[in-house]
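A.B. asks: Make a model of this:
(one chain, ligands or ions: 2)
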Amino acid sequence: MTTPRPETLAKLTPVLTKRWLSPDAWRIDTYEQLDGYAALRKALKAHPDDLIQLIKDSGLRGRGGAGFPTGLKWGFIPQGDGKPHYLVVNADEGEPGTCKDLPLMTHDPHALVEGVIIASYAIRASRAYIYIRGEAVHAARRLRNAVQEAYDKGYLGRNILRSGYDLELVVHSGAGAYICGEETALLDSLEGFRGQPRLRPPFPATHGLYASPTVVNNVGTIASVPPIVLGGADWWKSMGTEKSSGPMIYSLSGRVANPGQYECSMGVTLRELLELAGGMQPGHNLRFWTPGGSSTPLLAAEHLDVPLDFEGVAAAGSILGTTATQIFSDQDCPVYATYRWLEFYHHESCGKCTPCREGNYWMVRVYRRILAGQGTHEDLDTLLDTCDNILGRSFCGLGDGATSSVTSSLKYFKQDYLDYIEGRTAPKLSEKTLVGAH
Ligand SMILES: Cc1cc2nc3c(=O)[nH]c(=O)nc-3n(C[C@H](O)[C@H](O)[C@H](O)COP(=O)(O)O)c2cc1C
Ligand code: SF4
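C.D. replies: Ligands and ions are numbered 1, 2, ... in the order given. Here you go, the predicted structure:
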């Protein structure tokens, strides 16, 4: 295991993670001792429009995967329209490899609750929801407890801190479907319908929850709001890069010595992250990795020095996504890894549109054939052709994301596919898996 050098350690910028190691960090007393709810007191004295401007000035971009500018999104909410406004926090965190929102809600739930109150005040919402993944029982319990503590202390409910502002906050547990992380499917699910994406336009900013103006933001986005209110836009922009400001929680998993969450200024490289995480596991050499979860195209060892911000990763041909860096070594097979991800997308496809529903079903079967040693050279063309018919033709991002590891693994690791097809690699799947595969 390698020890990080001081200059690499200096890349750590704990802002959202700064309380995680404090004893009982999830309790309101601890939170209050560590700056907690100071930002709310400051925010409630400001005009809501000034808060929206502050978030615009900070350059904060959504932490849910797409990196949409948060202040701009808040500014889309029509004001004076006489309709109820809603803030919905997306705490579904279903992207394989992603592990930043659940630890945040488990260790520091009040950071999210405080962010919810400030964001709701800014967009003039008097009701907010946190939609949390159903399996995340522990995080949900901590969150519900934090919400109750906040009500008891007068941070939620009527006339918050005697400001005249009212807010009700509801924590809603989903039933564990990846598609319910897609914001419009999430809204349908929250309304009690089957979670499937909605046709856009109209967008949630005008026709969201209960057909009313709604902001949907990721947990990390909303938890970034209190530190920005306290520290100011310039302080926030002093971290990160010009177009990707602030710190980001990178979750490292796989063949790494110390997997976990590392919060660094945006633009840190995988080489630096690996050094912080103690290097690769003994006996393993980096071969491929995802910069932002399984929906983002794979990168290879040659990309160790790519700046992990929105622009840097895009320039390298991938997507920053949820900064879920899954690390694979020379002992892992990119064909098998891609197959396992496709099984996931096939299982989680909501079935609303044909390219994703049928395309993923079909690709899973082609992969099984290749991994069982019965693939053909034409199978590789079939995979690329199927991806071509899914990407950009699916109703939502799930379909697009499913193609990422297929096309990128064929780009960087075609030889691994050929080795199965031409018999140089022993089959990984038995012929039994091929029942119904043709
Ligand atoms: C299939 C699919 C799953 C998604 N899952 C999540 C999720 O679990 N959490 C999340 O914040 N965003 C998820 N998103 C992105 C959301 O649709 C949306 O862009 C995000 O919540 C907006 O928040 P932000 O602007 O703060 O990033 C998902 C998107 C797709 C297409
Ligand atoms: S792309 Fe997949 S998940 Fe999205 S609407 Fe179509 S079938 Fe459903």
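
A.B. asks: residue ranges with poor pLDDT in the stretch 51-200 of the chain?
C.D. replies: For the stretch 51-200 of the chain, no stretch has pLDDT under 70.

A.B. asks: where exactly do the strands run in it?
C.D. replies: In the stretch 51-200 of the chain, the strands defined using DSSP state E, counting those that start in this stretch lie at 86-91, 127-132, 168-173.

A.B. asks: Identify the residues contacting the last one?
C.D. replies: Read that as strand 168-173. If you take Cβ atoms under 8 Å, 6 or more residues apart in numbering as the criterion, strand 168-173 is touched by 113, 116-117, 126-134, 136, 140, 143-144, 147, 150, 156-157, 190. (C-beta placed from N, C-alpha, C; glycine too.)

A.B. asks: returning to what we had before: please identify the most buried of the strands of the stretch 51-200 of the chain.
C.D. replies: Of all those, strand 86-91 carries the top mean neighbour count, a mean of 28, counting by mean count of other Cβ atoms under 10 Å.

A.B. asks: now for it, which elements pack on it?
C.D. replies: Packing partners of strand 86-91 (3 or more Cβ pairs under 8 Å, 6 or more residues apart in numbering; DSSP states H and E): helix 101-107, helix 109-123, strand 127-132, helix 183-190, strand 214-218, helix 219-223.

A.B. asks: could you redo the last one with a cut-off of 10 Å?
C.D. replies: Other helices and strands packing on strand 86-91, by 3 or more Cβ pairs under 10 Å, 6 or more residues apart in numbering; DSSP states H and E, are helix 101-107, helix 109-123, strand 127-132, helix 137-152, strand 168-173, helix 183-190, strand 214-218, helix 219-223.

A.B. asks: would you turn the strands of the stretch 51-200 of the chain into TSV with distance to Ala10?
C.D. replies: Supplementary listing: these in TSV, determined by distance: least, Cβ to Cβ, whole Å:
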stretch	distance to Ala10
strand 86-91	31
strand 127-132	34
strand 168-173	37
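
A.B. asks: Any residues of the protein in contact with ligand 2? List them.
C.D. replies: Proximity of the chain to ligand 2, by Cβ under 6 Å from any ligand atom, involves residues 179, 197, 349-353, 356-357, 394-396, 398-399.

A.B. asks: nearest to Ser265, of these?
C.D. replies: Using Cβ to Cβ, Leu398 comes nearest to Ser265 of those, at 30.4 Å.

A.B. asks: Identify the residues contacting Tyr86.
C.D. replies: Taking Cβ atoms under 10 Å, 6 or more residues apart in numbering as the criterion, Tyr86 is in contact with 77, 120, 123, 125-129, 187, 190, 204, 208-210, 212-216.

A.B. asks: Get me the contact residues on the stretch 51-200 of the chain for ligand 1.
C.D. replies: Counting by Cβ under 6 Å from any ligand atom, the residues of the stretch 51-200 of the chain near ligand 1 are 62-66, 68, 90, 92-95, 178-179, 181-183.

A.B. asks: hmm, 5 Å instead?
C.D. replies: For the stretch 51-200 of the chain, the contact set with ligand 1 under Cβ under 5 Å from any ligand atom comprises Gly62, Gly64, Gly65, Ala66, Phe68, Asn90, Asp92, Glu93, Gly94, Gly181, Glu182, Glu183.

A.B. asks: and the two most separated of those?
C.D. replies: Greatest spatial distance among these (Cβ to Cβ): Phe68 and Gly94, at 18.7 Å.

A.B. asks: When these two are compared, which one has more neighbours?
C.D. replies: Comparing Phe68 with Gly94 by other Cβ atoms under 10 Å, the one with more neighbours is Gly94, at 19 against 13.

A.B. asks: Nearest residue to the more buried one in space, please, no chain neighbours.
C.D. replies: In space, and not counting its chain neighbours, Gly94 is closest to Tyr178: 4.0 Å by Cβ to Cβ, 6 or more residues apart in numbering.

A.B. asks: Report the buried residues of stretch 264-283.
C.D. replies: For stretch 264-283, the neighbour count (16 or more other Cβ atoms under 10 Å) marks 264-270, 272-281 as buried.

A.B. asks: Keeping just the C-alphas, turn that stretch into CSV.
C.D. replies: Extracted in CSV, the C-alpha atoms of stretch 264-283 (Å, rounded to 0.1, in the frame of the first residue of the first chain):
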residue,chain,number,x,y,z
CYS,A,264,-11.5,16.6,-3.6
SER,A,265,-11.6,19.7,-5.7
MET,A,266,-13.1,19.0,-9.1
GLY,A,267,-10.4,18.3,-11.6
VAL,A,268,-8.4,15.8,-9.4
THR,A,269,-7.1,12.9,-11.5
LEU,A,270,-7.5,9.2,-11.0
ARG,A,271,-3.7,9.0,-10.4
GLU,A,272,-4.1,11.3,-7.4
LEU,A,273,-7.2,9.6,-6.2
LEU,A,274,-5.5,6.2,-6.3
GLU,A,275,-2.6,7.7,-4.3
LEU,A,276,-5.0,8.9,-1.7
ALA,A,277,-6.6,5.5,-1.6
GLY,A,278,-3.3,3.7,-1.0
GLY,A,279,-2.9,2.6,-4.5
MET,A,280,-4.1,-0.6,-6.2
GLN,A,281,-4.5,-3.8,-4.2
PRO,A,282,-1.3,-5.8,-4.1
GLY,A,283,-0.7,-7.8,-7.2
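
A.B. asks: The residue nearest to Gly94 - how many residues pack around it?
C.D. replies: Neighbour tally, Tyr178, other Cβ under 10 Å: 23.
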